[in-house]
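Engineer: sequence first, then the predicted structure:
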Amino acid sequence: MGSINNLKKFLRSIDGQSRVNLSMCFDEKYEYYNGVGITLLRYDCVRYETLKMVISVPESLLRTDVSDGDALFAEDYLYRHFSPRLCMLSRDYENDRKDKRLQCGLFLCPYNSRINKRNASFYDTEKREWNMTVLARIPCIGIHSINGKLFSRFIGDIVRAVSDAAESVDAEDYKAGNDLYKRQKSIRRYMQSHDAVCFIANGSILPRMGTGDAPNMQAVRFTSPMSLTSTIELDDGTSVTGMLLKRGITVIVGGAYSGKSTLLDAIEEGVYDHIAGDGRELVITDRSAVKTNAEDGRPVSRLDLSPFFKNIPPSGDAVDFSTEHASGSVSQAANIVEAVYGGSKLLLIDEDSSATNFLVRDQSIRRIIKTDPITPFTDRIKELSDMGTSTVFVCGALSDYLPLADTVILAERFVAKDIDDIAVDAPTHDTLPKASWTDKRTLWLDRPEHPEVDFSSSAADGGIIVVGGYKSDISRLSALTSTPQINALRRSLLCYLTDTENYELELSDAAKNVCERLFCDDGPQSGTPSPDEYWIENIRPIDICCAVNRLAAHHGGADEKQDQISENEVVMPI
């Protein structure tokens, strides 16, 4: 182990020399006088324009008991505290009049209000130190030479900025955030033991500012309807009061701009814990919740859709169905079947983004159309509930779900209300035998002889992930909102497809295995990712299942969007 001064001295000694010489100081920890350490690691093996830097801060400098609680909260909190300081330092080194390659700079993992595991932050419980990973741009002189003097000064400023940030950690603020996180975990335990799928505390702020993630502080704060109000006694001796939704069928009904979809969005967001100030920090939802929509054009492969279709023209086979371009009703049926297979215990459905002919078929239509192959969702929702898969359904025009509901909430001007008297007709549905739900599903791809070659490239472009010769459109997976999560899903698909053992496993089991390996550095990489592609956040196995189910053959070229996959080219998961 060397000192920071030794590292700076070495950097000055290679000033004007090849950047490859930096490798001589890789993999060794250099410490500042107060214990702050820096380890330089190889990142860009070809151009040596970027390196990985691990900054270590001993717990003794952090002025708080980091070990009191979950390491995940410590990692999240400390990253939020230190990251702005380093961002500011990086901006100080920017010079718009110079080429970027001549400048120092840091690339840091972006974050939002979710408390989540990231590859940028790790608390080492054995060494009792927190580690922060950043990517650093190596300043150049000319094309191949390093500006060692500038980089030496940059390293010194990084260490001082980290030391100052460590001294400014507010022990009271850390404790308050940690206590909130413990309360969130306590509510989740209560929900599990009381057959509940969601809790929303009174006073929560659900609406967001525009299309962003910031809370709308002028919005009406949430108050639970009296019939659904529960007070939960928490492990720390405090209590919290709000709306507790039990397992079963919940219908949220309301007119346009009443707040019903906002409430559903908040319920979906509750699969994650949030920091104080988000407004939804005490909105807690079953972590397996999945929002399902109609998704015109998505591929479906070798899937048993018989719970919702008697037959599907032209082949007529609904038990082993494949298509490259599903209709709205077929796509939504596929999404639900796949979510149930993936282990979801809570389906979130919004009438506005659904296929109407899949949701309901009223009495008049049933009399007129006697051979409709679709079994509407109204006819299966009770069966799913009895199986342990609950539904929260938002509607503004369909009353068919009201008599099926265990709980009905009226959304009116962003206020959730009880409905005392629901005057609706008895539900119209057929009496059906229990459906055969998919419980076996494996990857429908030939085992590649050379997976590292076949899947040597991967990329994410907006809502499309391309891995080798396949693509997955994840634009409707609304639980994945951050770039690091998209990166994690891209890396997960690459890991899934390059490990041939996954081809023999249940899709859900393989997804769990991939999730467990997500933060291992020995996972497959398609070359050196750009700094923006390097950062990842934790995702759920069911998210990986959803992405694998959307894999389709990828055709490159300018006319890709117009390309259609012929029937004999379908190579998909089952």
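Structural biologist: Everything's here; your move.

Engineer: what about Ala266, which SS state?
Structural biologist: Look at Ala266: counting by DSSP: H, G, I helix; E, B strand; the rest coil, its state is helix.

Engineer: tell me where the protein is predicted with low confidence.
Structural biologist: Counting by pLDDT under 70, the chain contains low-confidence ranges at 45-48, 420-430, 449-450, 452-454, 456-457, 521-528, 555-574.

Engineer: centroid residue for it?
Structural biologist: With distances taken as C-alpha atoms, centre = their mean, Leu480 lies nearest the centre of the chain, 3.7 Å away.

Engineer: doesn't it lie inside a strand?
Structural biologist: No - under three-state DSSP, Leu480 sits outside any strand and is assigned coil.

Engineer: tell me the spacing between it and Ile544.
Structural biologist: Using C-beta to C-beta, to the nearest Å, one obtains 11 Å as the distance from Leu480 to Ile544. (Glycine included, C-beta is placed from N, CA and C.)

Engineer: give the residues shared as contacts by those two.
Structural biologist: Overlap of the contact sets of Leu480 and Ile544 (by C-beta atoms under 8 Å, 6 or more residues apart in numbering) consists of Leu489.

Engineer: just to revisit the earlier point, surely the residue nearest to the centre of the chain touches Asp543?
Structural biologist: Yes - contact criterion C-beta atoms under 8 Å: Leu480 and Asp543 qualify, at 6.1 Å.

Engineer: contacts for stretch 184-199, please.
Structural biologist: Residues from elsewhere that reach stretch 184-199 (C-beta under 8 Å, 6+ apart): 70, 230, 232, 234-236, 240, 242-247, 267, 270, 273, 281-287, 289, 345-346, 390, 392.

Engineer: what about 7 Å?
Structural biologist: Residues outside stretch 184-199 that contact it (C-beta atoms under 7 Å, 6 or more residues apart in numbering) are 232, 234-235, 242-247, 267, 270, 273, 284-286, 345-346, 390.

Engineer: list residues touching both of Leu480 and Asp543?
Structural biologist: In contact with both Leu480 and Asp543: Leu489, using C-beta under 7 Å, 6+ apart.

Engineer: can you give me the domain assignment for the chain?
Structural biologist: Domain segmentation of the chain under automatic domain parsing yields 2-169, 290-417, 451-569.

Engineer: where does Ser301 land in three-state SS?
Structural biologist: With three-state DSSP as the basis, the three-state label of Ser301 is strand.

Engineer: and it, how many residues sit next to it?
Structural biologist: 20 (other C-beta atoms under 10 Å).

Engineer: touching, it and Trp444? I think so.
Structural biologist: Yes - the pair Ser301 and Trp444 passes the contact test of C-beta atoms under 7 Å, sitting 6.0 Å apart.

Engineer: re the thing from before, for Ser224, which of the domains of the chain is the nearest?
Structural biologist: domain 290-417 (6.8 Å; C-beta to C-beta).

Engineer: and stretch 355-366, end to end?
Structural biologist: From its first residue to its last, stretch 355-366 covers 17 Å (C-alpha to C-alpha, to the nearest Å).

Engineer: sorry, wrong one. I was asking about stretch 224-239.
Structural biologist: Distance across stretch 224-239, first residue to last, is 15 Å (C-alpha to C-alpha).

Engineer: could you do stretch 267-274 as well?
Structural biologist: Stretch 267-274: ends 13 Å apart by C-alpha to C-alpha.

Engineer: next one: stretch 373-393
Structural biologist: 23 Å.

Engineer: return the distance of it from the chain's centre.
Structural biologist: Offset of stretch 373-393 from its chain centre (C-alpha atoms, centre = their mean, to the nearest Å): 26 Å.

Engineer: same deal with stretch 60-75?
Structural biologist: Centroid displacement of stretch 60-75 relative to its chain, using C-alpha atoms, centre = their mean, is 24 Å.

Engineer: cool, stretch 485-503 as well?
Structural biologist: Mean-position distance between stretch 485-503 and its chain equals 15 Å (C-alpha atoms, centre = their mean).

Engineer: Asp278 - that's part of a strand, no?
Structural biologist: No - looking at Asp278 with three-state DSSP, it is coil, so not inside a strand.

Engineer: circling back: go ahead and confirm the residue nearest to the centre of the chain touches Leu489.
Structural biologist: Yes - the pair Leu480 and Leu489 passes the contact test of C-beta under 7 Å, sitting 6.5 Å apart.

Engineer: who touches both of the two?
Structural biologist: 474, 539, 543.

Engineer: just the helices in the stretch 51-200 of the chain please.
Structural biologist: Using DSSP state H, counting those that start in this stretch, the helices of the stretch 51-200 of the chain run over residues 71-92, 148-167, 171-193.

Engineer: make CSV out of those and add distance to Ser530 and mean neighbour count.
Structural biologist: What follows is the helices of the stretch 51-200 of the chain, written out as CSV (distance: least, C-beta to C-beta, whole Å; neighbours: other C-beta atoms under 10 Å):
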stretch, distance to Ser530, mean neighbour count
helix 71-92, 17, 18
helix 148-167, 21, 19
helix 171-193, 32, 17
